[in-house]
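Asks: compute the structure for the input listed below.
(2 chains)
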Amino acid sequence: MWILSFTPDWVFHSIALAGVIGIIAGFLLAFIPLVNKYKLPIQIISIVLLTFGIFMEGAILNEQAWQLKVADMEKKMAEAEAKSAQENVKLVEKIVVKKEYIKTRGRDIVKYIDKEIVKYDTKFMPGGQCEIPKEFYKALNDAAQEPNK
Amino acid sequence: MKKIIIISMLLLTGCSTTVPVKAKFPDAPDMLMTKCPALSQVKEDAKLSEIATNVANNYTLYYECAVIARGWQDWYQIQKNIYENAGK
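Replies: A predicted model of the protein is given here:
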């Protein structure tokens, strides 16, 4: 509540207390001659003060409860951010391992090609026994081309 | 009467207080931000072994990219769990 942001709590405690004292004083003044004519205004003002004071006491308690919730939420968010950063590190490590494995596997396959497939190069050369048609290259390159639509 | 209405409105503004806690959107690792490279092509007079190498390299590129895509899925699930549990 905005009023609590610039008014110290003791002001509202004092208002509530003044209301209680005023109500009691209002009853006591009834027994004192000459002064008892102020009884009604004092009681009315005291009831207003007490009502406002009690309302603000509730507001203070509510504000305190919210501040605790905010602090708790801030703590949880800070923990979540720290955990998120930790998990990111773990994830990157996992990805690095997987990518390294894929690269190694790719290199092994290329080594195998250099060792075993090279033998058939002359057979599949242009003009060779099993010449690879131009359409094959076109199809292969078209498939490798990134679609631009 | 006008003063009473104004005072009531001022006091009731406390009821619309928003919680001043900002949750920062989690940062994704730089590695996940890398774009997938274009696949390599073959020359029109490439030998059989060169074609096979090209296909193998392209498969390798695909699987490297697939790891990144899988990484995004994992990242999303991890962050979702962390932030959903943080709110509890």
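Asks: for A:K39, see how far away A:K99 is.
Replies: Distance, A:K99 to A:K39, by C-beta to C-beta, to the nearest Å: 88 Å. All C-beta atoms are positioned from the backbone trio N, CA, C, and that covers glycine.
Asks: equivalent analysis for B:I68, please.
Replies: Counting by C-beta to C-beta, the gap from B:I68 to A:K39 is 83 Å.
Asks: and stretch A:2-10, does that touch chain B?
Replies: Yes: Stretch A:2-10 is in contact with chain B by C-beta under 8 Å from any C-beta of the partner chain, via A:W2, A:I3, A:L4.
Asks: may I see the buried residues of the strand or helix carrying the second one?
Replies: This points to A:I3. Assigned by DSSP states H and E, A:I3 falls within helix A:2-6. Residues of helix A:2-6 classed as buried by neighbour count (16 or more other C-beta atoms under 10 Å in any protein chain shown): A:L4.
Asks: show me where the chain has helices.
Replies: In the absence of a named chain, this looks at chain A. A:2-6, A:9-29, A:39-112, A:134-144 (DSSP state H).
Asks: meant chain B, my bad for not saying
Replies: Under DSSP H, chain B gives helices at B:2-12, B:48-86.
Asks: wait, B:P20 sits on A:M73?
Replies: No: contact criterion C-beta atoms under 8 Å: B:P20 and A:M73 do not qualify, at 9.4 Å.
Asks: between the two, which one's more packed in?
Replies: A:M73 (16 against 10; other C-beta atoms under 10 Å in any protein chain shown).
Asks: okay, that one: pLDDT?
Replies: Note for A:M73: predicted pLDDT of 90.
Asks: what sits against the closest residue to it other than its chain neighbours?
Replies: Leaving aside its chain neighbours, A:M73 sits nearest to B:V21 (4.4 Å; criterion: C-beta to C-beta, 6 or more residues apart in numbering or on different chains). Applying C-beta atoms under 8 Å, 6 or more residues apart in numbering or on different chains to B:V21 gives the contacts A:V70, A:M73, A:E74, A:M77.
Asks: so how far is chain B from the last one?
Replies: When C-beta to the nearest C-beta, to the nearest Å is applied, the distance between A:M77 and chain B equals 5 Å.
Asks: so what's that residue closest to, chain neighbours aside?
Replies: With C-beta to C-beta, 6+ apart, the residue lying closest to A:M77 is B:A23, at 5.4 Å.
Asks: who's in contact with that neighbour?
Replies: A:M77, A:A80, B:Y83.
Asks: separation between the last one and chain A?
Replies: To tie it back to what came earlier, the one meant is B:Y83. 6 Å.
Asks: so that residue touches B:F25, yeah?
Replies: No: the pair B:Y83 / B:F25 is not scored as a contact, 9.5 Å apart, by C-beta under 8 Å.
Asks: which one of those two has more residues nearby?
Replies: Using other C-beta under 10 Å, the more surrounded residue of B:Y83 and B:F25 is B:Y83, with 18 against 7.
Asks: thanks a lot, catch you later.
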